[in-house]
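K.L.:
only geometry, no sequence info:
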Ligand SMILES: [Zn+2]
């Protein structure tokens, strides 16, 4: 935390320093507008365990394919209204008439395949919930139940896909989901906190590392949070993790986040 120590501010050392002005916060470079900044600061990478929320990200990430994430963020509220709050039980019952209504909605991405996919994915999700108890329980198995803690030094270190997203994509497709390619899956994994892909320099990075939070908190018991997976290919030497960052040939040209956005415009 930056504390001013100028002679004219002699009380600066005596009062609790305020949070620095927003422009002094170091964050990932991809958020470029207030909506994206709020999303980055409050949501992106926060572990999510709510089926409705997870379904929302599944659908929005699929809707984003070929578009910018900023576009999807702007349409997000309209999406929630159009899709009954992303309640998969409701969405799964959409008939042709309701689908036609969605296709006529100018506030969402009016792509016939994407809309049909969303409805089919809702049905597939109900089957997953039936089998695993929840979509949450199913999804988090792909990271053994805890966020993978990466140590990205720069956006160039962030892949568009990983072995975990490959496995998730393959399994989702097997279960009848669509618009769930591995890069879409990885973008979702980043968004719902299955991986911590904030840059180490970003103020959210430590906030989302359980060990760091424990270290910063008053000592309690032996409070090491179990289940934190250190990614062996992206530790302190993240820049030298060719196997992790390089095995990612397909970058989506117009996408908007680390893992899915071009190097100069990452999110
Ligand atoms: Zn960040």
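P.N.:
Thanks, I have it. Everything quoted here is computed from the prediction, not taken from an experiment.
K.L.:
name the spans of the stretch 101-250 of the chain whose pLDDT lies under the cut-off.
P.N.:
For the stretch 101-250 of the chain, residues meeting the criterion pLDDT under 70 lie at 212-250.
K.L.:
which residue ranges of it form helices?
P.N.:
If DSSP state H, counting those that start in this stretch is used as the criterion, the helices of the stretch 101-250 of the chain fall at 112-132, 135-140, 163-174, 182-191, 203-207, 210-216, 242-245.
K.L.:
can you give me the buried ones in the third one?
P.N.:
Going by neighbour count (16 or more other C-beta atoms under 10 Å), the buried part of helix 163-174 is 164-166, 168-169, 171-172. No exception for glycine: its C-beta is placed from N, CA and C like everyone else's.
K.L.:
one step back: so which of the helices of the stretch 101-250 of the chain comes closest to the ion?
P.N.:
Between the ion and the helices of the stretch 101-250 of the chain, the shortest separation by C-beta to the ion is 4.4 Å, and it involves helix 203-207.
K.L.:
of the buried residues of helix 163-174, just say which sits nearest to residue 90.
P.N.:
Distance to residue 90 across the buried residues of helix 163-174 (C-beta to C-beta) is lowest for residue 172, with 20.6 Å.
K.L.:
report the two of the buried residues of helix 163-174 separated the most.
P.N.:
The largest separation in the buried residues of helix 163-174, counting by C-beta to C-beta, is between 164 and 172 at 12.4 Å.
K.L.:
for the ion, give me its nearest residue in the stretch 1-150 of the chain.
P.N.:
Across the stretch 1-150 of the chain, no residue is closer to the ion than residue 28, which sits at 3.2 Å (C-beta to the ion).
K.L.:
tell me the pLDDT of that residue.
P.N.:
pLDDT recorded at residue 28 is 97.
K.L.:
tell me which parts of the stretch 51-200 of the chain are close to the ion?
P.N.:
By C-beta under 5 Å from the ion, the part of the stretch 51-200 of the chain that sits against the ion consists of residue 198.
K.L.:
try 8 Å
P.N.:
Taking C-beta under 8 Å from the ion as the measure of proximity, the stretch 51-200 of the chain contacts the ion at 198-199.
K.L.:
residue 175 against residue 126, yeah?
P.N.:
No - contact criterion C-beta atoms under 8 Å: residue 175 and residue 126 do not qualify, at 10.9 Å.
K.L.:
no further questions, thank you.
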